[in-house]
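[1] here is the input, now give the coordinates:
(one chain, ligands or ions: 1)
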Amino acid sequence: MFLVASHNAHVGLNQAMDVLRSGGSAVDAVETAIRAVEANADDHSVGLGGYPNLLGEVELDAGLMQGHDLTSGAVAALRGYLHPISIARQVMERLPHVFLVGDGAVRFAAEIGAKPATLLTPEAQETWARGLQPELASDDLARMNKRHDLSRWVEIATDPERTRGTVNVIACDRQGHLCVGVSTSGWAWKYPGRVGDSPVAGAGFYADDRYGAAACTGTGEMAIRAATAHSVILYMKIGLSLGEAGRRAMHDLNDLGGRYIAGMNFIAVDRQGNHIGFSSYEDATYLHFAETMEAPEELPRIHIPLRQRWVKVQEDPA
Ligand code: GLY
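    All right, here's what the predicted structure looks like:
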């Protein structure tokens with residue numbers, strides 16, 4: 001039994017290990033760990049306190065997958081509910097579907113009795129307002145919802161370095177089954193309705209008990225385009241070791257064209273329980289917690305720099 005996670009999952013890993021030790025399933029452990037992160041208002045990349053979109057509205061994405069049968073559930077652009085990971089799990093367990101978005105996800109959350117919540121904290125709201133200035137005056141901020149030219153603003157306001165959070169958790173239970181889960185408020189000041197990799201199976205997460213599991217944080221558009229989480233598993237499926245598979249997936253990201261290339265990270269495990277983390281940033285870490293350990297250990301990720309090609313537009317769109 002073990003847990004492997006992004007660093008910000010530390011708030012939920014002890015509880016998740018308790019779940020595994022008491023015979024709970026990998027999906028129970030993943031949901032437990034991620035709910036704790038979603039409730040942590042100090043984490044501005046997930047759940048409560050997450051940074052909002054360009055209009056100042058928090059939109060959440062989450063997804064999970066079980067390695068024993070490849071079942072998966074996800075929600076995206078969900079507003080007004082604190083625990084998208086639990087709603088994603090219910091999509092997986094109650095519906096013949098895999099993925100609900102926007103109003104449909106809100107409707108389903110209400111139907112299953114999930115509790116509505118206000119997600120935008122005063123601190124996140126203030127950072128949003130400050131983040132959009134000096135490009136926008138406070139009067140403009142108040143009128144954001146009325147603008148018909150948000151697409152011109154999104155590139156000016158959006159900075160890929162502003163948030164690279166998101167939480168990843170991979171769990172292996174007593175039966176040896178894997179589950180992976182991801183939750184995020186996505187890219188700060190994103191265009192309303194923008195969905196990153198986190199709720200997209202194969203991009204932000206993938207688990208297959210026969211080979212391993214992987215999950216991403218960072219610039220979701222890149223992981224979608226390169227199908228990063230599934231690539232790691234596929235490279236293992238064709239015979240590469242965990243380390244080789246991860247390196248190949250990082251190099252695939254470097255081969256992406258276009259000018260919207262920024263940072264990416266992922267964690268991965270193989271079916272023997274070996275674990276690894278990769279990052280395009282120096283000094284990045286991940287967490288590993290085996291059943292025999294008293295507390296999670298923080299381990300360095302392998303650093304593979306990406307050729308950053310994000311060029312921020314400087315023109316004043318007003
Ligand atoms: N990786 C999270 C996102 O891009 O939304």
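[2] would you mind listing what in the chain touches the ligand?
    Residues of the chain lying close to the ligand (CB under 6 Å from any ligand atom) are 166, 184, 186, 187, 196, 197, 198, 217, 218, 219, 220. Every residue, glycine included, has its C-beta placed from N, CA and C.
[3] list the contacts of the second one.
    Which is residue 184. By CB atoms under 8 Å, 6 or more residues apart in numbering, the contact list for residue 184 reads 45-46, 50, 60-62, 165-167, 196, 198, 217, 220.
[4] okay if I get those residues as JSON lines plus pLDDT, neighbour count and secondary structure?
    Shown next, in JSON lines, are the contacts of residue 184 (pLDDT from 0 to 100; neighbours: other CB atoms under 10 Å; DSSP: H, G, I helix; E, B strand; the rest coil):
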{"residue": "45", "pLDDT": "93", "neighbour count": "24", "secondary structure": "coil"}
{"residue": "46", "pLDDT": "96", "neighbour count": "30", "secondary structure": "coil"}
{"residue": "50", "pLDDT": "94", "neighbour count": "26", "secondary structure": "coil"}
{"residue": "60", "pLDDT": "98", "neighbour count": "30", "secondary structure": "strand"}
{"residue": "61", "pLDDT": "98", "neighbour count": "29", "secondary structure": "strand"}
{"residue": "62", "pLDDT": "98", "neighbour count": "33", "secondary structure": "strand"}
{"residue": "165", "pLDDT": "80", "neighbour count": "22", "secondary structure": "coil"}
{"residue": "166", "pLDDT": "95", "neighbour count": "30", "secondary structure": "coil"}
{"residue": "167", "pLDDT": "97", "neighbour count": "30", "secondary structure": "strand"}
{"residue": "196", "pLDDT": "95", "neighbour count": "26", "secondary structure": "coil"}
{"residue": "198", "pLDDT": "98", "neighbour count": "33", "secondary structure": "coil"}
{"residue": "217", "pLDDT": "96", "neighbour count": "29", "secondary structure": "strand"}
{"residue": "220", "pLDDT": "94", "neighbour count": "27", "secondary structure": "helix"}
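[5] widest-spaced pair of these?
    Greatest spatial distance among the contacts of residue 184 (CB to CB): 60 and 217, at 14.9 Å.
[6] check contacts around the residue in the stretch 1-150 of the chain positioned nearest to the ligand.
    The ligand sits closest to residue 61 of the stretch 1-150 of the chain, with a gap of 6.2 Å, by CB to the nearest ligand atom. Shown in contact with residue 61 (CB under 8 Å, 6+ apart): 74-78, 84, 183-186, 195-196, 198-199.
[7] what's the closest of those to residue 212?
    Using CB to CB, the contacts of residue 61 come closest to residue 212 at residue 198, 19.0 Å.
[8] that closest one contacts residue 185, doesn't it?
    No. Look at residue 198 against residue 185 with CB atoms under 8 Å: they stay out of range, at 9.5 Å.
[9] residues contacting residue 223?
    Residue 223 makes contacts with 196, 197, 200, 203, 204, 216, 229, 253, 264, 266, as judged by CB under 8 Å, 6+ apart.
[10] and it, what helix or strand is that in?
    If you go by DSSP states H and E, residue 223 is part of helix 220-226.
[11] show the subsequent helix or strand relative to that helix.
    Per DSSP H and E, the first helix or strand lying C-terminal to helix 220-226 is helix 228-237.
[12] immediately after that following helix, which helix or strand?
    Downstream of helix 228-237, the next assigned helix or strand under DSSP H and E is helix 242-254.
[13] give me the neighbour count for residue 245.
    Residue 245: 25 surrounding residues under other CB atoms under 10 Å.
[14] pLDDT score assigned to the nearest residue to it once chain neighbours are set aside?
    Leaving aside its chain neighbours, residue 245 sits nearest to residue 235 (3.5 Å; criterion: CB to CB, 6 or more residues apart in numbering). For residue 235, the pLDDT comes out at 98.
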